[in-house]
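> Mind looking at a prediction? Sequence and model below.
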Amino acid sequence: MKLNCDLGESFGSWNMGVDQEVMPQIDMANIACGFHAGDPLVMTKTLALAKENKVVVGAHPGYPDLVGFGRRSLNCSHDEIVALVRYQLSALDGMAQVEGICVDYVKPHGALYNDMMSVPSVRQAVMQAVAGYHRPVTLMLQATADWQQHQEEASALGLTLYFEAFADRCYDDDGRLLARSKPGAVHNHDKMLAQVRQLIEEGTITTVSGKTLKLHVDSLCVHGDNMTAVQAIGDIRRCMAGAP
């Protein structure tokens, strides 16, 4: 199971995260493409950092919403979603080629990710955007109880998927993330590590009501917003390596 993290989310004079400390500890970097965060210089520096640490690179496109950090749903049409995803993917892919690396996958950000998981028409638009790119690129989405249906949707388009789980988030009974507005939505440190161990050893998570769900997971999402989060990634690494 690989670790992925959202990076490159600074822009202009605004600094977000501690990418230098996070990058050596992860396997996959989801790099912002300028619509919700990031800018050309930040993208360049983040790509170079990923190359230095031999980290696989993914595009992290969002709605065009710098003010809201891409966390607000926008009423975009099918064609607009296809175009905005391809635009951001193409931007990062072109800059990656300059650095001598290749973008491997796409993981939508924030509200676009949530809409993709909950609204079939948005998911279809995102899948078509990635499947119709000029070369094969994998799409990352959340592992839920519906993962087989999502796999069938992708296969119909000739699209490969990565399924991800979240180390520090509580799940509701349908396998989706419990809304941050609800109590217990984000696990404390001990619960986070317990959930990671359960995923590794049993391939399951325990929902907010105590129900056990089996998930097909390729990658685990971690966060690198601050040094406490970086320490948590180190603890997750040790947990995955079998350390107590």
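Looks like it arrived, so ask away.
> Can you name the next helix or strand after the longest helix along the chain?
As assigned by DSSP state H, the longest helix anywhere in the chain is helix 78-98. The helix or strand immediately downstream of helix 78-98 is strand 103-106, counting by DSSP states H and E.
> what helices or strands is the next helix or strand after that next one leaning on?
Sequence-wise, the next helix or strand downstream of strand 103-106 (DSSP H and E) is helix 110-118. Applying 3 or more CB pairs under 8 Å, 6 or more residues apart in numbering; DSSP states H and E, we find helix 110-118 packed against helix 120-131, strand 138-142. Every residue, glycine included, has its C-beta placed from N, CA and C.
> before we move on, back to that, now the longest helix of the chain: buried residues?
For helix 78-98, the neighbour count (16 or more other CB atoms under 10 Å) marks I81, V82, L84, V85, R86, Q88, L89, A91, L92, D93, M95, A96 as buried.
> now those in CSV, with pLDDT?
Output for the buried residues of helix 78-98, formatted as CSV (pLDDT from 0 to 100):
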residue, pLDDT
I81, 98
V82, 98
L84, 98
V85, 98
R86, 98
Q88, 98
L89, 98
A91, 98
L92, 98
D93, 98
M95, 97
A96, 98
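> circling back: ok, which of the helices and strands packed on helix 110-118 comes nearest D190?
Proximity to D190 (CB to CB) singles out strand 138-142 among the helices and strands packed on helix 110-118, at 23.4 Å.
> Which secondary structure elements does the closest one sit against?
Using 3+ CB pairs under 8 Å, 6+ apart, strand 138-142 is in contact with strand 103-106, helix 110-118, helix 120-131, strand 161-166.
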